[in-house]
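[1] Structure for this input, please:
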Amino acid sequence: MSFKTLKNYINKKMRMSHIYQPVMLMELLKNKGRASTDNIAKQFLTYDEAQIEYYQHITKIMPGKVLTNNLEACSRDPAGASWFCCK
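    Model (predicted):
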């Protein structure tokens with residue numbers, strides 16, 4: 001695909017209902033036109049605030065809680081933003 005074709009698609013045809021198309025295009029362009037489905041999906045997650053907030057919650061209530069209770073070496077900072085292990 002030529003630059004002109006891509007530019008025309010982005011400027012005139014692409015519909016922005018979500019971040020998927022631009023994120024996928026950026027991932028492809030960053031990697032010389034090739035990217036795995038796995039890497040593209042991971043990039044989607046980096047832009048999906050709802051998923052990030054969901055996994056922050058999971059981190060606090062599941063592995064974080066278990067590791068803090070079972071390993072004295074693991075703890076969370078007072079602000080709750082970071083985890084520490086093996087101080």
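[2] Just the helices from the protein, written as ranges.
    3-8, 20-30, 37-47, 49-61, 63-70 (DSSP state H).
[3] burial of residue 74, as a residue count?
    Neighbour count of residue 74, defined by other CB atoms under 10 Å: 17. For glycine as for every other residue, the C-beta is placed from the backbone atoms N, C-alpha and C.
[4] Kindly report the same for residue 70.
    Residue 70 has 8 nearby residues by other CB under 10 Å.
[5] and the gap between it and residue 64?
    Distance of residue 70 to residue 64, given as CB to CB, to the nearest Å: 11 Å.
[6] Please apply the same query to residue 21.
    Residue 21 is 35 Å from residue 64, by CB to CB.
[7] which of these two has more neighbours?
    residue 64 (17 against 14).
[8] wouldn't that one be in contact with residue 83 here?
    Yes. Contact criterion CB atoms under 8 Å: residue 64 and residue 83 qualify, at 6.3 Å.
[9] quick one: which of the helices of the chain has the weakest pLDDT on average?
    Here the helices of the chain differ in mean pLDDT, and the lowest is helix 63-70 at a mean of 78.
[10] which residues are in contact with that one?
    74, 75, 76, 83, 85 (CB atoms under 8 Å, 6 or more residues apart in numbering).
[11] PyMOL command for the buried members of the residues you listed?
    Filtering the contacts of helix 63-70 down to the buried ones (16 or more other CB atoms under 10 Å) takes a single PyMOL command:
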select buried, resi 74+76
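[12] of the contacts of helix 63-70, closest to residue 14?
    Closest to residue 14 out of these is residue 83 (39.5 Å), distances taken as CB to CB.
[13] Ignoring the adjacent residues along the chain, who's closest to that closest one?
    residue 76 (5.5 Å; CB to CB, 6 or more residues apart in numbering).
[14] and among the helices of the chain, the most buried is which?
    Greatest average neighbour count among the helices of the chain goes to helix 20-30 (a mean of 15), per mean count of other CB atoms under 10 Å.
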